[in-house]
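Provided below are the primary sequence and the corresponding predicted coordinates.
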Amino acid sequence: MRLLHTSDWHIGHYFFGYDRKTEHIFFFDWLKRVIKEQQIDALLVAGDIFDSPNPSAISQRIYYKFLKEATTENPHLQIIIIAGNHDSAARLEAPLPLLEEMNVFIKGTICKNTAGEIDYQSLFIPLTCREKTEAWCITVPYLRQGDYPNAESYSQGVKKMYEVLYQEVQKIKGENQPIIVMGHLQATGSEISENDRSERTIVGGLECVSPEVFDKTDIVYTALGHLHKGQRVSKRENVRYAGSPLPMSFSEKYYKQGVNLVELVNGQLERIERIHFDPPVKLISLPPDPKPLNEVLKELMILAEGETTAQSPYLEIKVLITEPEPSMRHQIEEALRNKAVRLTSAVPYRQRKEHTTESITYEELKNMEPIEMAKDIFSRKYGNEMPEKMASLLMQVIQEVGK
C-alpha cells in the first residue's frame, strides 16, 4: 500500500499582495502526476488547506477541481483531509455528502454525543487497497479548547486525546493492520520558520506536543501538518512534517518543498521517500546581507531585464540605513524599471551598536508574538530571562484574551 503525505497548501495565499493562484495550479498539476506515476492508494492532507477560514470562490474552485480530477484519474484513490488552524472546520466538512461519493473523507470538527463525550470512533478511517482494509487512520484535526479531554494544559489535553484514540482503535483493527496517525500541531523538537506568523498561531512553544505520544509499536507513520519545513521530528524517521508546497515567507526560501511517499508491505513500514517539488516562482533577497542604498542600487542593475509575469521572482531588498533616506523607495523602483522581478518589500536595517538600545522596525514588530514582546521587555528591565512559571501564566492570559 502506498500513501502520499502533504500539508499546508494555503490555497488563496497572497504573497505581499501578489496572487499565487497560478503557483497553486502548477503544484496541483504536479501532485496529480505524482499520484498517477507512483500509483498512490491514499493521499493524506494534514491541514491548512486554505490560507483563510473564508476562502474566495476561485480558491475553492481550485481545490474542488483538484479533488475531482485526482479521484477521476485514480478511481481507487482515497483522499483523507484534516482541518488546520487556518481552516474553517465546518466549511471544510460542509460538502461531505458529495465528497464521500468520490472517496474523499474530511475531519474538521470533533463530534460529541448528547452527554458531551467525544465520539472517538468518528475519527477512525479504514485505509483500503484493492477493496481490503490494510490499515487504520487516526484523523485528528487542529484541536481548539474544548475539543480534547480535560487536562492541565493544551499539550497534556492533546496527548490524552491521542492516547485514548490509540486505545479505542485497538478494539476495531485487525491483528496485522497498522495504524497511521494524522495531526495538525507543533511537536516538541521541530523546527519553525523565522518571522513566519502563520506557524506561530500555536504560540510560545508552551503548546508543543511531545512526539513520544506516537511511539507505539503498531503506529507505523505519523503525518503532521502546521510547520512549513518538511522534517523528521526529534530524529524519528516515521514522525514527519510534509511541509508547505510553496514558501510562505522569505525565511523559507531555502527549504526543499515536496511530499512524503510512505510504502507499507504486509502491515509493516517498508520505506519513506521524499519527493521534491520545485516551486515555479523563486524568492530572491538582495543583497544577502544589508548594504547601504548606493551599493544595493548597483546590485539591482544587474538583474535580468524583461516583462513582469506571474512567474517572475519575488524580490526582497535589504537596505542598511545610516541616515534618513526619504527617496529610498523611489530610487529602488526606478532601478527596477523593466526588470523581470516583483518587488515585495524594501526592508530598512539600522546599524546595531553594542550597549545601545534601539527601536525595532515596523516589519520586526509585525512578526513578534505577544509573549516574545513580554520576554524582551522583562529582559531589558531586569537583566535576565522571564521565569518559566511566569511565562506559562502569561501564555494562559494571552490565550484567554485571544478567544
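Looks like it arrived, so ask away. Numbers count the residues shown, from 1 in each chain.

Sketch out the helices for this protein, chain order is fine.
Remark: helices of the chain, listed N- to C-terminal, are 21-37, 57-73, 89-93, 96-99, 154-169, 293-301, 328-335, 362-366, 370-382, 388-401; assignment by DSSP state H.

Of all those helices, which one is nearest residue 232?
Residue 232 sits nearest to helix 154-169 of all these, at 18.5 Å, using CB to CB. (Each C-beta comes from the backbone N, C-alpha and C, glycine too.)

what residues does that closest one touch?
Among residues not part of helix 154-169, those counted as contacts by CB atoms under 8 Å, 6 or more residues apart in numbering are 118, 120-121, 123-124, 136, 138, 140, 143, 145, 147-151, 179, 181, 183, 185, 206-210, 213-214, 216, 219, 399.

Filter the residues you listed down to the buried ones.
Among those, those buried by neighbour count (16 or more other CB atoms under 10 Å) are 118, 120, 123-124, 136, 138, 140, 143, 147-148, 179, 181, 183, 185, 206-210, 213-214, 219.

In strands only, show me those residues.
Counted as lying in strands by DSSP state E, out of the buried ones among the contacts of helix 154-169, are 124, 136, 138, 179, 181, 183, 219.

distance between the ends of stretch 227-235?
16 Å (CA to CA, to the nearest Å).

ok so, going back, what is the nearest of the ones in strands among the buried ones among the contacts of helix 154-169 to residue 52?
Proximity of those to residue 52 was ranked by CB to CB; the top entry is residue 183 with 21.4 Å.

so what's that closest one bridging to?
Judged by DSSP bridges, the bridge partners of residue 183 are residue 224.

which ones are touching it?
If you count contacts by CB under 8 Å, 6+ apart, residue 183 has them with 46, 82, 140, 162, 209, 222, 223, 224, 225.

low-scoring stretches of the chain, by residue?
Confidence mapping of the chain against pLDDT under 70 gives the ranges 193-206, 323-324, 351-367, 379-384, 402-403.

Can you report how many residues neighbour residue 119?
Number of residues near residue 119 (other CB atoms under 10 Å) recorded here: 10.

er, residue 139 actually
25.

and it, how far is that from residue 240?
Per CB to CB, to the nearest Å, residue 139 is found 16 Å from residue 240.

Quick check: the farthest pair among the ones in strands among the buried ones among the contacts of helix 154-169?
Pairwise over those, using CB to CB, the maximum falls at 136 and 183, 14.9 Å.

Just to check, residue 280 is in contact with residue 28?
No - no contact is recorded between residue 280 and residue 28 when judged using CB atoms under 8 Å, the distance being 12.0 Å.

Domain-wise, how is the protein divided?
By the assignment in automatic domain parsing, the chain contains the domains 2-276, 283-363, 369-403.

winner for burial among the ones you listed?
Ranked by mean neighbour count under mean count of other CB atoms under 10 Å, the domains of the chain are led by domain 2-276, which reaches a mean of 18.

Leaving out chain neighbours, which residue sits closest to residue 82?
The spatially closest residue to residue 82, leaving aside those adjacent along the chain, is residue 141, at 4.3 Å (CB to CB, 6 or more residues apart in numbering).

For that neighbour, list the residues it contacts.
Taking CB under 8 Å, 6+ apart, one finds 47, 82, 83, 84, 89, 107, 108, 109, 110, 184 in contact with residue 141.

What of residue 90?
108, 109.

ok, it to residue 141 distance?
Residue 90 sits at a distance of 11 Å from residue 141 (criterion: CB to CB).

Equivalent analysis for residue 163, please.
In this structure, residue 163 lies at 17 Å from residue 141, with CB to CB as the measure.

now residue 30
Going from residue 30 to residue 141 by CB to CB gives 26 Å.

cool, residue 389 as well?
Residue 389 sits 31 Å away from residue 141, taking CB to CB as the criterion.

circling back to that earlier point, could I get the contacts of residue 183 as TSV with distance to residue 8?
What follows is the contacts of residue 183, written out as TSV (distance: CB to CB, whole Å):
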residue	distance to residue 8
46	8
82	12
140	16
162	20
209	17
222	16
223	12
224	10
225	6
